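Novice: Got a predicted structure plus its sequence, pasted below:
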Amino acid sequence: MASPDGTTIFDLAALNGTGTNCYYPTFSPFDEGGYFWLAFFSTRDYGNSIVGTEGTGRRQLWVAAIDSTPLPGIDPSAAPYCLPQQNVAGENMAAFWAPEACRADGRTCATSGECCSGFCRDTGSGPVCVPPDIVECSHEGEACRTDADCCAGEGATCVANKVAGNVWVDAEDWELARMKFWLTEEVTLIGGIVGVLRKFEMTLDRARVDDGAWLPTTIDFDMAGRELLINKRIHYREEAKDFKRVGLPIRP
């Protein structure tokens with residue numbers, strides 16, 4: 001593992017154990033109790049030959065804790081554990097981290113997007129998720145179905161019913177292969193006085209590379225509208241290809 005500036009190399013001896021068969025690491029983006037969690041696949045033995053993978057060389061997912069504030073010369077890793085509920089007769093090789101899908105009513109929150117109800121309000125003891133039936137109208141950033149749900153006088157426009165899209169999933173790997181969404185009708189800001197968003201289309205394409213990982217190959221979005229009296233259009237496209245695995249420098 002390398003520091004962000006690449007000047008310090010950390011040897012993850014506890015994670016690697018006596019072997020070096022650890023591949024395709026993915027870090028959790030969440031600092032939990034001073035640790036980040038690292039998932040990877042390995043062909044190391046797990047259990048025995050009857051109820052495990054001993055002697056088979058099958059890829060299984062493993063997880064280890066990594067100190068979020070590592071010090072030079074000290075191994076920041078902990079011994080890994082095999083992720084439960086895997087099929088030990090199959091091959092697994094990719095793990096991805098995601099935040100909690102949504103928070104139930106009564107849970108603390110920072111934004112309405114964190115709440116299952118779509119509403120984060122301060123009820124007197126700090127912001128918490130609240131049910132929609134106690135909300136009279138929707139402020140900016142809160143859930144809505146039509147413009148009539150938005151609080152009067154704030155100039156907000158509901159866009160939830162003005163967006164459509166499609167998702168394509170690879171039938172073999174069950175990975176997201178393509179995603180496309182677009183505006184179905186224009187969105188106005190304060191009745192069109194501040195601006196109008198007439199068009200927004202975005203497409204994301206992903207492909208499987210040689211080592212089995214799925215990586216973004218194309219990001220394309222097209223946006224057109226008006227800001228005050230000025231018409232604007234933005235088209236952005238990013239392409240990636242010829243992926244190559246890059247190893248860390250070997251410490252002398």
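Specialist: Great, that's in hand. Residues are numbered from 1 along each chain as shown.
Novice: Helices along the chain, start to end?
Specialist: Per DSSP state H, the chain carries helices over the ranges 13-16.
Novice: how far away is the residue nearest to Trp168 when sequence neighbours are not counted from Cys158?
Specialist: Nearest non-adjacent residue to Trp168, counting by C-beta to C-beta, 6 or more residues apart in numbering: Arg178, 4.0 Å away. All C-beta spots, glycine's among them, are computed from the backbone N, C-alpha and C. Counting by C-beta to C-beta, to the nearest Å, the gap from Arg178 to Cys158 is 27 Å.
Novice: what's near enough to touch the closest residue to Thr146 other than its chain neighbours?
Specialist: Closest residue to Thr146 apart from its sequence neighbours, by C-beta to C-beta, 6+ apart: Cys158 at 5.6 Å. Residues in contact with Cys158 (C-beta atoms under 8 Å, 6 or more residues apart in numbering) are Ser138, Cys144, Arg145, Thr146, Asp147, Asp149, Cys150.
Novice: What subset of those is buried?
Specialist: If you count burial by 16 or more other C-beta atoms under 10 Å, the buried members of these come out as Ser138, Cys144, Asp149, Cys150.
Novice: wait, which of those is closest to Gly124?
Specialist: In terms of C-beta to C-beta, no member of the buried ones among the contacts of Cys158 lies closer to Gly124 than Ser138, at 20.4 Å.
Novice: Next one: that closest one from Lys244, what distance?
Specialist: Ser138 is 48 Å from Lys244, where distance means C-beta to C-beta.
Novice: Which pLDDT value goes with the most centrally placed residue in the chain?
Specialist: Central residue of the chain (C-alpha atoms, centre = their mean): Ala98, 5.3 Å from the mean position. Looking at Ala98, its pLDDT is 75.
Novice: what do you get for Trp168?
Specialist: Listed pLDDT for Trp168 reads 91.
Novice: Could you pull up the contacting residues of it?
Specialist: Applying C-beta under 8 Å, 6+ apart to Trp168 gives the contacts Leu176, Ala177, Arg178, Met179.
Novice: most neighbours, which of the residues you listed?
Specialist: In terms of neighbours by other C-beta atoms under 10 Å, these top out with Ala177 at 18 neighbours.
Novice: isn't that one right next to Asp170, touching?
Specialist: Yes. Counting by C-beta atoms under 8 Å, Ala177 touches Asp170, with 4.7 Å between them.
Novice: who touches both of those two?
Specialist: With C-beta under 8 Å, 6+ apart as the test, Ala177 and Asp170 both reach Trp214.
Novice: quick one: contacts for Pro80?
Specialist: By C-beta under 8 Å, 6+ apart, the contact set of Pro80 is Leu15, Gly17, Phe40, Ser42, Trp62, Val63, Ala64.
Novice: again, only using 10 Å
Specialist: Taking C-beta atoms under 10 Å, 6 or more residues apart in numbering as the criterion, Pro80 is in contact with 12, 14-17, 22, 38-40, 42, 44, 61-65.
Novice: what's the answer for Leu183, then?
Specialist: Applying C-beta under 10 Å, 6+ apart to Leu183 gives the contacts Val159, Lys162, Val163, Ala164, Leu197, Arg198, Lys199, Phe200, Glu201, Met223, Ala224, Gly225.
Novice: mind checking how far the first one is from Ala13?
Specialist: If you measure Val159 against Ala13 using C-beta to C-beta, the figure is 51 Å.
Novice: try the second one
Specialist: When C-beta to C-beta is the yardstick, Lys162 and Ala13 sit 54 Å from each other.
Novice: coming back round to it: in terms of packing, which of Val159 and Ala13 has more residues around it?
Specialist: Between Val159 and Ala13, Val159 has the larger neighbour count (other C-beta under 10 Å), namely 15 against 11.
Novice: what's the burial count for Gly73?
Specialist: Gly73 has 8 nearby residues by other C-beta under 10 Å.
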